[in-house]
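1. sequence and predicted structure below; questions after.
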Amino acid sequence: MAKENFNTDDLTNLSEELVFEQIQQLIDEGNTDVPTSDISIQDVAAIALNNIPPKYICSLIDKVDPREELRRDLMDLRKYARRQVLKAISIVNKNPHD
């Protein structure tokens, strides 16, 4: 793949991080609907991410100390990610990949 030809270590899709954060949070909260197999977790993430706009950053500073505008965007995106993860869990549970 062409991406391997470039240094992309600092390029981060915050939407992806938020989706996995929400999955982990639901597991930690004891939500019994969250599937536990690796493939099901990946299915949940893929479905959720296909319904969430990507939010890329390429600065360590934005990761560690985001600007006010980015903070507001992340708050909204976090709420949206949770809704999409919950929908994705429902889809995966109705149609397991196993």
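-> Everything's here; your move. Remember, it's a predicted structure, so these values are computed and weren't measured experimentally.
2. the chain: strands as residue ranges?
-> With DSSP state E, the ranges of strands along the chain come out as 12-13, 56-57.
3. export the ones you listed as TSV, with columns for distance to residue 89 and mean neighbour count.
-> (Each C-beta comes from the backbone N, C-alpha and C, glycine too.) Output for these, formatted as TSV (distance: least, CB to CB, whole Å; neighbours: other CB atoms under 10 Å):
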stretch	distance to residue 89	mean neighbour count
strand 12-13	20	16
strand 56-57	25	13
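4. which of the ones you listed has the lowest average pLDDT?
-> Taking each of the strands of the chain in turn, the lowest mean pLDDT turns up on strand 56-57, with a mean of 86.
5. if we can go back for a sec, which one, of the strands of the chain, ends up nearest to residue 82?
-> strand 12-13 (16.9 Å; CB to CB).
6. next one: the closest one to chain centre, how far?
-> Taking CA atoms, centre = their mean, to the nearest Å, the mean C-alpha location of strand 12-13 is offset from the chain mean by 10 Å.
7. so what secondary structure elements neighbour it?
-> strand 56-57 (3 or more CB pairs under 8 Å, 6 or more residues apart in numbering; DSSP states H and E).
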